[in-house]
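1. Sequence first, predicted model second:
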Amino acid sequence: MKLKLSKALPVAAAQAGISVASAYRIEHDPRLPSDKKGRRERRRPDPLVDIFEAEVVPLLQAAPGIRAVAIFDELRRRHPEFARGVRRTLERRVRAWRALNGQDREVIFRQVHEAGRMGLSDFTEMGDLGVTVAGMLLDHRLYHFRLVCSGFEHAHVILGGESYVALAEGLQNALWALGGAPREHRSDSLSAAFRNLDADARADLTSRYNALCTHYLMEPTRNNRGVAHENGSIESSHGHLKSAVHDALLLRGGVEFADIVAYRRFIDEIVSRKNARNGKRIDAERALLQPLPRERTCDYEETFVHVTSSGGFTLRKVFYTVPSRLIGHRLRVRLYDDRLELLLGATLLITLERGRGGANGKHGHVVDYHHVIHALRRKPMALLSLVYRDQLFPREAYRRTFEFLRTELADRAACKMMVALLSLAHDRACEAQLALVLADDLDNGRLPDINALLLRFAPDPARLPDVLVHLAPLSSYDVLVDSGVEVAA
């Protein structure tokens, strides 16, 4: 256009690199090709012309949160002739109406994260991964800790529900693995931990949580209930962690683990690899963290139980057996997420696996046959109707053997034989080996031969062997004295 002002049109077109025909066309109509296109008109009748303003808009005004698909279903109910293919048109029309006339929506304010300031804690469900331990499906959660700035993460396998004990243990493990503490600790409202607690218990739990944060000089804060995005720095990380665990299980080629220790080691390895990728940022933030106290603080709940004549105690709908010598004693119990520590005064006596009550409210049992086998020897028929009989058998082979004995023998003989087998496993420390023999007998339909088993797993530790000691005469030591003198000379 500038060249045309001073030169002829063919010359200007040549210098601009366009054809003469294009130059004449532009001079006649300088609009862009896109501006010359006519507005696209509707090619078919509007299916919502009589419905949208009369019926859809009132629904949107009365219930702003209603979904477009719900409106579509309602229109189909009111107008059976309404075509199914109109759903997408309705959704676009509703979206456009809400953009022009809808309510104000919540705004997410992006934050600047200061190094060393905030750490986040939360729990995430892991049951959908199908992890099994010793052949049993592991219903568990992960306690997840994350530093907002550097992305440091720590995960701890939780066998029970969300609780103060799980939070305290997981948080302290994370801080000691990190080597420092942030100035602020944020969690959700901890509603799962407070569930089914009375007012006094809730106040006690709150004071313990505040004391935990004070011990590490952290300010305890919580996000508003039901507002998950306020914990977004860890909520989004949940999905990444679960995806990493899922991928690692696929690469591993199976979801079966020998014990819970092996599974926890597996989780620790995954989290360690994630932290290694952010190593420089983590090291930079670690230098700005608060120093840790000299020692950890309490990460358990404490209560007292009385050992009854049943050889155990009941705690939170779970019956635990203990050595019978403790009957009548009052024990101090420290409850962790996965174990119980029993103390008599200040003396640690025994550590038990923590049990959980059934989902239907039934009581659970944590039974060790070593604790009661001496009493069963005197009362073998007690095994027949024992409340925790199925939990008494240490392995599946023992349970199947008792069922087989009951089909082949009278109840008294079956109970006596089963108690003898348990006594053999207890006295000779051959529980695993005996289980293999019993499984082989079951596969071949044979009854156990207790006499043959006693010989097979001999000797009896109650029978001491005769040891003959030959004493050397004292004169034989003179040789050593003489040789020592010659060497000195």
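-> The structure has been received and is ready for your questions. Residues are numbered from 1 along each chain as shown.

2. Domains in this protein, by residue range?
-> What automatic domain parsing lists as the domains of the chain is 2-35, 52-101, 118-286, 301-366, 369-456.

3. how much space between A435 and A397?
-> Separation of A435 from A397 (C-beta to C-beta, to the nearest Å) stands at 4 Å. All C-beta atoms are positioned from the backbone trio N, CA, C, and that covers glycine.

4. got the domains of the chain as JSON lines, with mean pLDDT, mean neighbour count and distance to S476 columns?
-> Putting the domains of the chain into JSON lines (pLDDT from 0 to 100; neighbours: other C-beta atoms under 10 Å; distance: least, C-beta to C-beta, whole Å) gives the following:
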{"stretch": "domain 2-35", "mean pLDDT": "83", "mean neighbour count": "12", "distance to S476": "118"}
{"stretch": "domain 52-101", "mean pLDDT": "91", "mean neighbour count": "13", "distance to S476": "101"}
{"stretch": "domain 118-286", "mean pLDDT": "85", "mean neighbour count": "16", "distance to S476": "54"}
{"stretch": "domain 301-366", "mean pLDDT": "89", "mean neighbour count": "15", "distance to S476": "49"}
{"stretch": "domain 369-456", "mean pLDDT": "92", "mean neighbour count": "16", "distance to S476": "41"}
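
5. Tell me the backbone dihedrals of the residue nearest to Q290 when sequence neighbours are not counted, please.
-> Nearest residue to Q290 in three dimensions, chain neighbours excluded: A181, at 4.7 Å (C-beta to C-beta, 6 or more residues apart in numbering). Per-residue torsions, A181: phi -130, psi 140 (degrees, to the nearest 10).

6. how about the domains of the chain in TSV, adding distance to V467?
-> Listed next are those as TSV, based on distance: least, C-beta to C-beta, whole Å:
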stretch	distance to V467
domain 2-35	108
domain 52-101	86
domain 118-286	40
domain 301-366	32
domain 369-456	21
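
7. Just tell me which of those domains ends up closest to F109.
-> domain 118-286 (10.1 Å; C-beta to C-beta).

8. Now do the end-to-end distance for that closest one.
-> End-to-end distance of domain 118-286 (C-alpha to C-alpha, to the nearest Å): 12 Å.

9. How about stretch 64-84?
-> End residues of stretch 64-84 are separated by 23 Å (C-alpha to C-alpha).

10. Show me the strands in the stretch 101-250 of the chain, by range?
-> Per DSSP state E, counting those that start in this stretch, the stretch 101-250 of the chain carries strands over the ranges 118-125, 132-133, 136-137, 141-147, 153-158, 184-187, 219-222.

11. out of those, which comes closest to R334?
-> strand 153-158 (17.1 Å).

12. Run the angle between the closest one and strand 118-125 for me.
-> Counting by axes from the mean of the first three to the mean of the last three C-alpha atoms, to 10 degrees, strand 153-158 lies at 40 degrees to strand 118-125.

13. and strand 153-158, which strands flank it?
-> Applying DSSP bridges, strand 153-158 is found paired with strand 141-147 (antiparallel).

14. who touches T308 in this structure?
-> I327 (C-beta atoms under 8 Å, 6 or more residues apart in numbering).

15. For the spatially closest residue to G170 that is not a sequence neighbour, name its beta-bridge partners.
-> Spatial nearest neighbour of G170, chain neighbours left out: Y143 (3.2 Å); criterion: C-beta to C-beta, 6+ apart. Beta-bridge partners of Y143, counted by DSSP bridges, are F123, H156.

16. isn't Y143 right up against Y164?
-> No: applying C-beta atoms under 8 Å as the test, Y143 and Y164 come out as separate, 11.7 Å apart.

17. ok, the residue nearest the centre of the chain - contacts?
-> Centroid-nearest residue in the chain: R141, 2.0 Å away (criterion: C-alpha atoms, centre = their mean). When the contact criterion is C-beta under 8 Å, 6+ apart, the partners of R141 are F123, T124, E125, M126, V157, I158, G161, E162, A166.

18. With L421 instead?
-> Shown in contact with L421 (C-beta under 8 Å, 6+ apart): Y398, T401, L434, L438, P448, I450, L453.

19. Look up how far R252 lies from G279.
-> Separation of G279 from R252 (C-beta to C-beta): 24 Å.

20. Over to A174?
-> Counting by C-beta to C-beta, the gap from A174 to R252 is 25 Å.

21. next one: F72
-> On the measure of C-beta to C-beta, F72 and R252 end up 45 Å apart.

22. same thing with A99?
-> Distance from A99 to R252, by C-beta to C-beta: 48 Å.

23. same check, this time on G358
-> For G358, the distance to R252 - C-beta to C-beta - is 31 Å.

24. My reading is that P448 lies in a strand. Confirm?
-> No: the assignment for P448, made by DSSP: H, G, I helix; E, B strand; the rest coil, is coil rather than a strand.

25. Test my guess that it contacts T401.
-> Yes: taking contacts as C-beta under 8 Å, P448 lies within contact range of T401: 6.7 Å.

26. Between the two, which contacts overlap?
-> L421, L438, D441.

27. returning to that earlier point: wait, the residue nearest to Q290 sits on L175?
-> Yes: taking C-beta under 8 Å as the definition, A181 is a contact partner of L175 at 5.2 Å.

28. tell me, what's touching the two both at once?
-> Residues touching both A181 and L175 by C-beta under 8 Å, 6+ apart: Y216, L292.

29. can you give me the helices in the stretch 201-350 of the chain?
-> With DSSP state H, counting those that start in this stretch as the criterion, the stretch 201-350 of the chain has helices at 232-252, 260-277, 279-286.

30. Select, out of these, the one closest to D478.
-> helix 260-277 (58.6 Å).

31. isn't I71 right up against L59?
-> Yes: taking contacts as C-beta under 8 Å, I71 lies within contact range of L59: 5.7 Å.

32. Walking through the stretch 351-489 of the chain, point out its helices one by one.
-> 369-378, 389-392, 396-408, 411-428, 431-443, 450-456, 478-488.

33. Which of the ones you listed sits closest to A262?
-> helix 431-443 (17.7 Å).

34. which residues does R412 contact?
-> P380, M381.

35. how far away is it from F404?
-> R412 is 16 Å from F404, by C-beta to C-beta.

36. Could you do A284 as well?
-> Distance from A284 to F404, by C-beta to C-beta: 65 Å.

37. do the same with R378
-> Distance from R378 to F404, by C-beta to C-beta: 25 Å.
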